[in-house]
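> fold the following and give me the result.
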Amino acid sequence: MILKELEHYVRHFAKRFLIFLKWLAFSILSGILVGSVGSVFHYCIVYATKARETYPWLIFLLPAAGLLIVGAYHMMHDEKDTGTNLVLSAIHSGEHIPLRMAPLIFISTVMTHLFGGSAGREGAALQLGGSIGNSLGRLLKFDEKDQHIMIMCGMSAAFSALFGTPLAAAVFSMEVVSVGIMHYAALVPCVVSSLLAQGIAERCRIEPEQFLIHSVPEFTVSSGVTIAILAILCAIVSALFCIALHMGEALYKKYFPNPYLRIFAGGMLLLCLTLLVGNQDYNGAGMPVIARCFEEHRVLPYAFALKILFTAVTLGAGFKGGEIVPSFFIGGTFGCLFGNLTGFAPDLCTAAGMGAVFCGVTNCPITSLFICFELFGFEGMPYFLLSVALGYMLSGYYGLYHSQKIVYSKYKTEFINRKTR
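Model prediction:
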């Protein structure tokens, strides 16, 4: 009996080991390829941002840059591009992700940053990684389900290369597709590609994002209640951000059906907003403002609202980029404001606000918790845990991506299988 059971185990272990070797080889390939492209993309974004800071007048060319972006998508017959939603749909339903998405999102996102659009870079990285991963899967003649794993593999590699958070990157692509379940079949490929992509980024001298919290107060009932109030408010802010993004896009399409006119009008509106504000703090990704919240605890009371407005105007018009860093900006500035008003550890509130809003807009609590640990350290763990949990529960069924599915309810052990609002 024991020998028979042992023989059964060895036979099945051999099959599992062959599957492991298969995914090890292909995740290494994906990690190297996507990590290299992601590193180049990082430097292009950095140079574009420095150029805009050096030559602020480039903002006046934003409407013209928008016309070029729409023209490029038209020329490549990709006018109905849905961005990250297409990547998530491809995992759900097997939709094809064209390889041309990679160069298009690469160039158009760099142009958006160069000329002053308000957007991030990680959302574009997900499209880059998903497009390359899907194309690798098709090239290698994978079946549909294995192609889904290759897409997640590419997403993890791109996220890790750009942000330097391999733990969060590995989990994010497995968690973001279907809220309430994790695609554990992709665990090994996502982990290997994420770690390898981060290693390539480090070899390219890309510093991972990290922020210092100067002092973490002892976790007590009083401090816990304070952070809980912040998390509840952040859940509301995250829902407002999602509503603003979706409403902005809908209003643009209603009043400007022509995509060329739409993006030109959006560029002009963003230019006017920038001139009214008097600086370019809300253009681009906004990482210097986040750093200022941690270092100086200095923030304008309405900074988070302006970033919501600038990002909705930018992405709704058709400019390209991500929504993730803007969500960090919004959560960070709102958290810093809350900390200043309450007198409770503004840098810790900045970090907790970033985690809560990120969780609210992505519906990814495990990723949000991991990204807090990688960005801010483990010392604030109780605060991050509480803010992420409340941010997830109270943000409702809003989300950045319409193609994201809420498989299980946030409030009951109930299968609902509905898309985000």
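> and A201, backbone torsions?
Torsion angles at A201 (phi, psi; degrees, to the nearest 10) stand at phi -60, psi -40.
> ugh, wrong one, N417
The phi/psi pair for N417 (degrees, to the nearest 10) is phi 50, psi 60.
> that one contacts S409, correct?
No. Using C-beta atoms under 8 Å, N417 is not in contact with S409; the gap is 10.0 Å. Bear in mind the C-beta positions are built from the backbone N, C-alpha and C, glycine included.
> per-residue pLDDT, S178?
As predicted, S178 sits at a pLDDT of 87.
> coming back round to it: who's more crowded, N417 and S409?
Ranked by neighbour count (other C-beta atoms under 10 Å), N417 and S409 place S409 first, with 15 against 11.
> if we ignore the residues flanking it in sequence, what's nearest the more buried one?
Closest residue to S409 apart from its sequence neighbours, by C-beta to C-beta, 6 or more residues apart in numbering: I416 at 5.1 Å.
> ok, that neighbour - contacts?
I406, V407, Y408, S409 (C-beta atoms under 8 Å, 6 or more residues apart in numbering).
> let's have those in JSON lines, adding secondary structure, pLDDT and distance to S395.
As requested, these are exported to JSON lines (DSSP: H, G, I helix; E, B strand; the rest coil; pLDDT from 0 to 100; distance: C-beta to C-beta, whole Å):
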{"residue": "I406", "secondary structure": "strand", "pLDDT": "88", "distance to S395": "11"}
{"residue": "V407", "secondary structure": "strand", "pLDDT": "90", "distance to S395": "16"}
{"residue": "Y408", "secondary structure": "strand", "pLDDT": "90", "distance to S395": "15"}
{"residue": "S409", "secondary structure": "coil", "pLDDT": "91", "distance to S395": "14"}
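> now distance to R292 too, for those, in TSV please.
Formatted as TSV, these follow (distance: C-beta to C-beta, whole Å):
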residue	distance to R292
I406	35
V407	39
Y408	39
S409	39
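> most widely separated two among those?
Farthest-apart pair in those is V407 and S409; separation 9.0 Å (C-beta to C-beta).
> shaky segments in the stretch 151-300 of the chain?
For the stretch 151-300 of the chain, no stretch is flagged by pLDDT under 70.
> re the thing from before, is it correct that the residue nearest to S409 falls within a strand?
Yes. Counting by DSSP: H, G, I helix; E, B strand; the rest coil, I416 is found in a strand.
> so it versus M182, what's the distance?
Going from I416 to M182 by C-beta to C-beta, to the nearest Å gives 17 Å.
> then F41?
Taking C-beta to C-beta, one finds F41 at 27 Å from M182.
> who's more crowded, these two?
Taking neighbours as other C-beta under 10 Å, F41 and M182 compare with F41 leading, 23 against 13.
> chain center to the helix or strand encompassing that one, what's the gap?
Assigned by DSSP states H and E, F41 belongs to helix 2-54. In terms of C-alpha atoms, centre = their mean, to the nearest Å, the centre of helix 2-54 is set 19 Å apart from its chain centre.
> one more: stretch 401-410?
16 Å.
> identify each buried residue in that stretch, please.
By neighbour count on 16 or more other C-beta atoms under 10 Å, the buried set for stretch 401-410 is Y401, S403, Q404, K405, I406, Y408, K410.
> also stretch 91-107?
Going by neighbour count (16+ other C-beta under 10 Å), the buried part of stretch 91-107 is I91, I97, R100, M101, A102, L104, I105, F106.
> and which of those is nearest to N340?
With C-beta to C-beta as the yardstick, the closest approach to N340 among these comes from I105, at 37.2 Å.
> okay, the closest residue to the closest one other than its chain neighbours and C190: tell me how far apart.
Nearest residue to I105, sequence neighbours excluded (C-beta to C-beta, 6+ apart): Q127, at 4.6 Å. Distance, Q127 to C190, using C-beta to C-beta: 17 Å.
> quick test: name the residue nearest the centre of the protein.
I324 (3.7 Å; C-alpha atoms, centre = their mean).
> was I right to think that residue contacts C359?
No. If you go by C-beta under 8 Å, I324 and C359 don't touch, sitting 11.5 Å apart.
> what packs against the helix or strand harbouring T274?
Counting by DSSP H and E, the element that carries T274 is helix 259-277. Counting contacts by 3 or more C-beta pairs under 8 Å, 6 or more residues apart in numbering; DSSP states H and E, helix 259-277 packs against helix 62-75, helix 221-255, helix 303-317.
> name the stretch among the ones you listed that sits most buried.
Most buried of the helices and strands packed on helix 259-277 by mean neighbour count (mean count of other C-beta atoms under 10 Å) is helix 303-317; its value is a mean of 24.
> angle of it against helix 221-255?
Computed with axes from the mean of the first three to the mean of the last three C-alpha atoms, to 10 degrees, the direction of helix 303-317 lies at 30 degrees from that of helix 221-255.
> where does the closest residue to S395 other than its chain neighbours land in three-state SS?
Spatial nearest neighbour of S395, chain neighbours left out: G360 (3.4 Å); criterion: C-beta to C-beta, 6+ apart. Three-state assignment for G360 (three-state DSSP): helix.
> coming back round to it: farthest pair within the buried residues of stretch 401-410?
The widest separation within these (C-beta to C-beta) is 18.2 Å, between S403 and K410.
> per-residue pLDDT, G321?
88.
> to what extent is it buried, counted in neighbours?
29.
> that one and V10, how far apart?
For G321 relative to V10 (C-beta to C-beta), the value is 51 Å.
> and what of Q210?
From Q210 to V10 the distance is 45 Å (C-beta to C-beta).
> and if you look at I107?
52 Å.
> so L128 sits right up against V34, yeah?
Yes. L128 is within contact range of V34, at 7.2 Å (criterion: C-beta under 8 Å).
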